[in-house]
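Peer 1: fold the following for me, if possible:
(chains A and B)
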Amino acid sequence: MTHVLDPNALADTSSGTGTLPDPFADVTRSNDAFRAFLHGLPGVDQVGAEARAKVLGTRSIKTTAKAWAIDTAISMVDLTTLEGSDTPGKVRALAAKARRPDPTDPSCPAVAAVCVYGDLAGVAQEALAGTGINVAAVATAFPSGRASREVKLADVRDAVANGADEIDMVIDRGAFLTGRYLDVFEEIVAVKEACGSAHLKVILETGELVTLDAVRRASWLAMLAGGDFIKTSTGKVSPAATLPVCLVMLEAVRDFRTATGRQVGVKPAGGIRTTKDAVKHLVLINETVGSDWLSPDWFRFGASSLLNDLLLQRQKLRTGHYSGPDHVSVD
Amino acid sequence: MSDRLAVRKTYKLYLGGAFPRSESGRTYEVHDTRGHFLANAAWASRKDGRDAVVAARSAFGKWSGATAYNRGQVLYRVAEVMEGRAAQFTEEVAAGEGLSTAKARAAVDAAIDRWVWYAGWTDKLAAVLGSTNPVAGPYFGFSVPEPTGVVAVLAPQRSSLLGLVSVLAPVLAAGNTAVVVTSKERPLPAITLGEVLATSDVPGGVVNLLTGDAAEIGPWLAEHADVDAIDLAGAPAPLAMELERSAAGTIKRVLRTPAEEPDWTADPGLSRLRPFLETKSVWHPIGV
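Peer 2: The predicted structure is shown next:
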């Protein structure tokens, strides 16, 4: 198998789609070519990735560095509610919390976005107007992605029409796992087009991809198709975001920027519940892709309970004594 | 004479139903009154205190929500297991407090009796401390006692078993969960009590036993916003005053302690049950 980052290895004179970044212009000319390209990506050393993630997780982040990390993590949170029981009232309450996560402390930063189902995007947009906080909506038959393409695209257009600034789509894992990479690719391209000016986050659902090699392939596929962010999980499947998976995705966005010049964001979602987990992710970013990604424009946490733990830790640093769950809102 | 090597014990904490080492990795040596080595004990840190509060908080719902009858049965079962371990308790009390075996046995018996006595109180508290109130209107008025929440207990420094039981059992009988900092110099009966609790029916996290220094962990527990009450039995006078002051920041219930450790054999009455109960009053219209 040829090395992936040398696009000439797959050189072919037939025309590409024309939408791809320059060096990869023709890798999607056919499913076989695309498959050859994705499978030609360097294999992931799983043991090495786990060891690397583990050793970075042991970094001790204290005092002023911890305070910075907590504030940065808060500003990266996509405050999420994705329940069948969501109501407009709950979304408004969440929006209020997004604006002022800690009402007792005006210096606490706002979160990056509120993430809801598409039908509630309008409610969220109204509640967040003028705050600079984005509204993210999940679409494309979230979380399973099991619907026809027409339905998925209609779902996306509906969410955008409701006022979503960011669309979180799920890829068709069934097609991905059976090797129909081009179908997955074309679907993402179509969704990106339906998004218009809205940012597109592509959910790989890494818990269903089984191997880190597949995570790397899916990351490249999503980036080539035009995703602005790659996101680990829906939060409905376990395991969700883990550090090794995040490491592989960060390496993918780093390599992709080196090859094409385009920067893509990363969003781990699901299973990140404690400040310690969040800080580990920040360390992982800094050590893998550098500080370019240490901003809410390029890195997000998809979470709901994480924010409360960040606030408790923030209160502990501010007051000098331990805080308790009675001192943050119940979502 | 056997030349068998002594099996020297290194004990751990009792936290959330498990026996972890101290987060800090520290241990200290426990000696008898004549300075002979008895065992190694874990030296708990403030972060163990933090973890213990989390465990106690998560155990509170189930323990406070259990029926009073059930709580009484569970506590009575603890006394049964203590009875089976009486010889071990006697040995540890005798070594730690410098008592004769007979006096130590009497202290252990008194401690077990005290536990049974408090076990009997669980389903009587509402009758004794609650009331149906006379009101001037078409209403029923009820007052019922409810547990305060997570209680930090600084256990007595001198009386290592009877004193410990006398402060811990009322907290549990009232339906609270406890974070206990044991006697620093005499922790062994408390450690054995932890083993008793782990092998009886008390849910994990209801009692958390931290062996270590009350002066080190106490201030963190007194300031902790998720601790609802603190019993200062084992805090020496200057520390007790400081803790009382810092507990005011989060409006805790504080049970003060006399300058000298009291005689634990005396009948406690309701003096240690009432401080860890809140009174809830309910008005209910008649005829609806």
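
Peer 1: helix/strand/coil for the closest residue to chain B within the stretch 51-200 of chain A?
Peer 2: In the stretch 51-200 of chain A, the residue that lies nearest chain B is A:Thr104 (11.7 Å; C-beta to the nearest C-beta). All C-beta spots, glycine's among them, are computed from the backbone N, C-alpha and C. Classification of A:Thr104 using DSSP: H, G, I helix; E, B strand; the rest coil returns coil.

Peer 1: got a pLDDT number for it?
Peer 2: Per-residue confidence for A:Thr104 comes out at a pLDDT of 91.

Peer 1: swap in A:Val160?
Peer 2: On the pLDDT scale, A:Val160 gets 96.

Peer 1: how about the nearest residue to it, chain neighbours excluded?
Peer 2: Leaving aside its sequence neighbours, A:Val160 sits nearest to A:Ala198 (C-beta to C-beta, 6 or more residues apart in numbering or on different chains; 5.2 Å).

Peer 1: also B:Leu209?
Peer 2: Closest to B:Leu209 by C-beta to C-beta, 6+ apart is B:Tyr14, at 4.1 Å.

Peer 1: got a list of what that neighbour touches?
Peer 2: B:191, B:194-195, B:197-198, B:207-209 (C-beta atoms under 8 Å, 6 or more residues apart in numbering or on different chains).

Peer 1: for chain A, which spans come out with low pLDDT?
Peer 2: When residues are selected by pLDDT under 70, those of chain A lie in A:1-19.

Peer 1: can you list contacts of stretch B:107-125?
Peer 2: B:67-69, B:71-73, B:75-76, B:78-79, B:82-83, B:86, B:89-90, B:93, B:97, B:99, B:145, B:159, B:161-162, B:164-166, B:169-170, B:172-175, B:264-265, B:268, B:273, B:277.

Peer 1: in helices, which of the contacts of B:Tyr14 fall?
Peer 2: B:191, B:194-195, B:197-198 (DSSP state H).

Peer 1: what sits opposite A:Lys231 in the beta ladder?
Peer 2: Beta-bridge pairing of A:Lys231 under DSSP bridges involves A:Ile203, A:Lys267.

Peer 1: re the thing from before, now list the buried members of the contacts of B:Tyr14.
Peer 2: For those, a burial check counting by 16 or more other C-beta atoms under 10 Å in any protein chain shown picks out B:191, B:194-195, B:197, B:207-209.

Peer 1: would you list those in TSV and tack on distance to A:Thr242?
Peer 2: TSV is the format used below for the buried ones among the contacts of B:Tyr14 (distance: C-beta to C-beta, whole Å):
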residue	distance to A:Thr242
B:Ile191	37
B:Gly194	35
B:Glu195	36
B:Leu197	36
B:Val207	34
B:Asn208	30
B:Leu209	34
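
Peer 1: quick one: contacts for the closest residue to B:Glu185 other than its chain neighbours?
Peer 2: Closest residue to B:Glu185 apart from its sequence neighbours, by C-beta to C-beta, 6+ apart: B:Gln157 at 6.9 Å. B:Gln157 makes contacts with B:183-186, B:214, B:234, B:236, B:261, as judged by C-beta under 8 Å, 6+ apart.

Peer 1: give the PyMOL command for selecting the buried subset of those.
Peer 2: To isolate the buried members of those in PyMOL, using 16+ other C-beta under 10 Å:
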select buried, chain B and resi 183+184+186+214+234
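
Peer 1: just the contacts of B:Gln157 now: which is nearest chain A?
Peer 2: Of the contacts of B:Gln157, the one sitting nearest to chain A (C-beta to the nearest C-beta) turns out to be B:Ala214, at 17.0 Å.

Peer 1: quick one: that closest one and B:Val150, what's the gap?
Peer 2: 17 Å (C-beta to C-beta, to the nearest Å).

Peer 1: what is the neighbour count of B:Ala68?
Peer 2: 17 (other C-beta atoms under 10 Å in any protein chain shown).

Peer 1: of all the residues in the stretch 1-150 of chain B, which one is nearest chain A?
Peer 2: B:Arg50 (5.7 Å).

Peer 1: and that residue, that's in a strand?
Peer 2: No: counting by three-state DSSP, B:Arg50 is not found in a strand; it is helix.

Peer 1: so the nearest residue to A:Leu294 once chain neighbours are set aside: helix, strand or coil?
Peer 2: Counting by C-beta to C-beta, 6+ apart, A:Leu294 lies nearest to A:Ile285, which is 5.7 Å off, once chain neighbours are set aside. Recorded secondary structure, A:Ile285: helix (three-state DSSP).

Peer 1: B:Gly163 versus A:Ile285, what's the distance?
Peer 2: Applying C-beta to C-beta to A:Ile285 and B:Gly163 gives a distance of 53 Å.

Peer 1: now B:Phe142
Peer 2: 36 Å.

Peer 1: which of these two has more neighbours?
Peer 2: B:Gly163 (26 against 15).

Peer 1: from what I can see the more buried one touches B:Glu261, true?
Peer 2: Yes: with contacts counted by C-beta atoms under 8 Å, B:Gly163 reaches B:Glu261, the gap being 7.1 Å.

Peer 1: re the thing from before, pull the number of nearby residues for the residue nearest to A:Leu294.
Peer 2: Residues within reach of A:Ile285, counting by other C-beta under 10 Å, total 24.

Peer 1: where do the helices sit along the chain?
Peer 2: Defaulting to chain A. A:31-39, A:46-56, A:63-75, A:88-99, A:121-128, A:149-161, A:173-177, A:181-195, A:212-224, A:243-260, A:275-288, A:305-319.

Peer 1: can you look at chain B instead?
Peer 2: Going by DSSP H, chain B shows helices at B:46-65, B:68-84, B:86-97, B:101-121, B:125-129, B:162-173, B:188-198, B:214-223, B:237-247.

Peer 1: what residues does the stretch 101-250 of chain B have near chain A?
Peer 2: The stretch 101-250 of chain B comes close to chain A at residues B:220, B:223-227, B:246, B:249-250, as judged by C-beta under 8 Å from any C-beta of the partner chain.

Peer 1: buried ones from the residues you listed, can you make that a PyMOL selection?
Peer 2: To isolate the buried members of these in PyMOL, using 16+ other C-beta under 10 Å:
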select buried, chain B and resi 220+223+224+225+226+227+246+250
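
Peer 1: give the contact list for the closest residue to A:Pro239 other than its chain neighbours.
Peer 2: Nearest residue to A:Pro239, sequence neighbours excluded (C-beta to C-beta, 6+ apart): A:Gly207, at 4.9 Å. By C-beta under 8 Å, 6+ apart, the contact set of A:Gly207 is A:233, A:237-240.
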